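Visitor: Okay, predicted coordinates and the sequence, questions at the end:
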Amino acid sequence: MDFSTFFGISEFYIVGIKKDTELYPFGGEGPVPYYYETAELYATVSLIYGLAFGILLGIGIWNWKKNKINELLIFGITCLFIFIQIYHGWVE
C-alpha cells in the first residue's frame, strides 16, 4: 500500500470503526477543514480518499505487469488526486 491509501484507510478505521476520537479537533473549531465538523464526516472523507488512492495503486500495479497505460498518465492522475486532496482541505 502506498502512504495515501494506508493513511486514509487507517484514519477511517481509527475514527469510524474504533471510535477513538480523543486527539481530533472535531466540531469545526479553529483552522480545520469543514470535514472535521463530525467524526462520521471525517471518517467518510478519509475512506473515500483511501479507496481512490488504493484503486489508483491497483491500476498502477496492473499496468506494471501488463503495460497497457502510459505511465505518464498514471503519474498525472496521481498528481491530480493529490492536488484535489490538498485543495479539498483548503475549501471552507
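Guide: Done, it's in. Note that this is a predicted model, so its numbers are computed, not measured.
Visitor: Leaving out chain neighbours, which residue sits closest to Phe6?
Guide: In space, and not counting its chain neighbours, Phe6 is closest to Gly50: 7.7 Å by CB to CB, 6 or more residues apart in numbering. C-beta coordinates here come from the backbone N, C-alpha and C atoms, glycine included.
Visitor: buried stuff in the helix or strand harbouring Ile59?
Guide: Ile59 is located in helix 39-66, with elements delineated by DSSP states H and E. For helix 39-66, a neighbour-count test (16 or more other CB atoms under 10 Å) marks 39, 41-43, 45-47, 49-50, 52-54, 56-57, 59-60 as buried.
Visitor: mind listing what the nearest residue to Leu47 once chain neighbours are set aside touches?
Guide: Spatial nearest neighbour of Leu47, excluding adjacent residues (CB to CB, 6+ apart): Phe12 at 4.1 Å. Neighbouring residues of Phe12 by CB atoms under 8 Å, 6 or more residues apart in numbering: Ala43, Thr44, Ser46, Leu47, Gly50.
Visitor: Let me know the closest of those residues to His88.
Guide: Of all the contacts of Phe12, Ser46 has the smallest distance to His88: 11.5 Å, by CB to CB.
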